[in-house]
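Colleague: pasting the sequence and the predicted coordinates here, then a few questions.
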Amino acid sequence: QNNTKGLKDYYQEFFPIGVAVNGRSLAGQEAHLLLQEFNSITPENAMKMEVIHPRKLEYNWALADSIVAFAQKNRLRVRGHTLLWHEQVPDWFFLDDQGAPVTKDTLLKRLKDHITTVVGRYKGKVYAWDVLNEAIDDNPKQFLRQSKWLEIAGEEILAKAFEYAHEVDPDALLFYNDYNSERPEKRERIYRLVKKLVDDGVPIHGIGLQGHWSIFEPSTSDLEQALERYASLGLQLHFTELDVSVYPWEKERRRKRPGEIDALTPALEEKQIAQYEMIFSVFRKYKSHITSVTFWNLSDRYSWLDHYPVQGRKNYPLLFDRNLERKKAYYKVVDFK
Ligand SMILES: Oc1ccccc1CN[C@@H]1C=C[C@@H](O)[C@H](O)[C@H]1O
């Protein structure tokens, strides 16, 4: 029994506070901290296509089932992640038995089978799904990201993913999820895609704003303008993958340079404290539109940012340090009135 007030308690009147989980999160010290601070979880990798459906006739349910069982036992919400994405998808999806590219109809059928099987298994246990992840191109001059999905099946596959999910679980909330969604040029392209889905009567209920931010972005005005813009679509807004990197954004992966500093200096930590304070101040201001805030990973002990974009460069993006202790930024997030 743990009577310590956590993030979820401080934000009880605002929105659930979630965290991305993996196998390590479900036991010991990390599970204790998770249950103290959070009331929603998202499987970091366990429900991605390459993990849960590695071969055409093979589903791998074990880890996803254990995460969902953990949530059921502890009365946590579960956000499903993700049903259609250009990354972490196994090659077999796109190849026929002779190793040639599949036809459009075959690909649509495979996607329908995948979504029907996965969403159907967790019906009533996963309340929200990141149906479509990162479909907007990184090049501001382009609109949709070119992927094997689009190459073979065309743009209609994007709407189909939502329809397949809605058909099998009409009660699940269906989200479009993306990153850098506060950058004005990407904000307008995300807005255009989501507005088209809404106007076409596609069953979409929300926009997932990943929130992979840094001490350099977003600005307060970019964050507020993005919230206003997306809120005008009348959909729920979830912040789905929040972390605040102490390094500037880099798109291309690279290795850590010899002598490259990766310490959390007092100057960097002061900037991170100010950024987290601003972020949660804006979140509280827009509480009528925001219905979930999820951090991507639990503590600085492990972050996906330790490997991306710079392999081996330690990052410190979260509210708990490597000893699972609350950082200074934590107290700025919870100390409001
Ligand atoms: O995939 C990316 C590529 C470039 C920039 C950002 C991203 C963010 N992408 C997210 C980050 C981590 C993964 O675990 C999540 O599933 C993904 O949604």
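Modeller: Okay, I see it.
Colleague: C-alpha from now on. contacts and neighbour counts both.
Modeller: OK.
Colleague: distance between the longest helix along the chain and the chain's centre?
Modeller: Longest helix in the chain, counting residues (DSSP state H): helix 266-285. Put simply, helix 266-285 sits 20 Å off its chain's centre (C-alpha atoms, centre = their mean, to the nearest Å).
Colleague: average pLDDT across it?
Modeller: Confidence for helix 266-285, expressed as mean pLDDT, is 98.
Colleague: burial measure for Arg110, as a count.
Modeller: Neighbours of Arg110 under the rule other C-alpha atoms under 10 Å: 15.
Colleague: isn't it right up against Phe93?
Modeller: Yes: if you go by C-alpha atoms under 8 Å, Arg110 and Phe93 touch, sitting 7.1 Å apart.
Colleague: strands along the stretch 1-150 of the chain, start to end?
Modeller: All strands of the stretch 1-150 of the chain, identified by DSSP state E, counting those that start in this stretch, fall at 17-21, 40-43, 77-84, 128-133.
Colleague: what angle do the lengthiest strand in the chain and strand 77-84 make?
Modeller: Ranked by number of residues, the top strand in the chain under DSSP state E is strand 236-245. Orientation of strand 236-245 against strand 77-84 (axes from the mean of the first three to the mean of the last three C-alpha atoms, to 10 degrees) gives an angle of 90 degrees.
Colleague: on that earlier part again, among the strands of the stretch 1-150 of the chain, which is nearest Phe280?
Modeller: Evaluated with C-alpha to C-alpha, these place strand 17-21 nearest to Phe280, the distance being 11.5 Å.
Colleague: adjacent strands (with direction) for the longest strand of the chain?
Modeller: Using DSSP bridges, strand 236-245 pairs in its sheet with strand 206-209 (parallel), strand 212-214 (parallel), strand 290-295 (parallel).
Colleague: tell me which of those is the most buried.
Modeller: strand 206-209 (a mean of 26; mean count of other C-alpha atoms under 10 Å).
Colleague: the longest strand of the chain: what's the following helix or strand?
Modeller: The helix or strand immediately downstream of strand 236-245 is strand 254-255, counting by DSSP states H and E.
Colleague: so which elements touch that following strand?
Modeller: strand 310-311 (3 or more C-alpha pairs under 8 Å, 6 or more residues apart in numbering; DSSP states H and E).
Colleague: and the following helix or strand past the strand it packs on, how far from the chain's centre?
Modeller: Following strand 310-311 in sequence order, the next helix or strand is helix 328-334 (DSSP H and E). For helix 328-334, the separation from the chain centroid amounts to 22 Å (computed by C-alpha atoms, centre = their mean).
Colleague: what lies in contact with helix 328-334?
Modeller: 7, 10-11, 272-274, 276-277, 280-281, 319-320 (C-alpha atoms under 8 Å, 6 or more residues apart in numbering).
Colleague: list buried residues within those residues.
Modeller: Neighbour counting with 16 or more other C-alpha atoms under 10 Å marks 7, 10-11, 272-273, 276-277, 280, 319-320 as buried within the contacts of helix 328-334.
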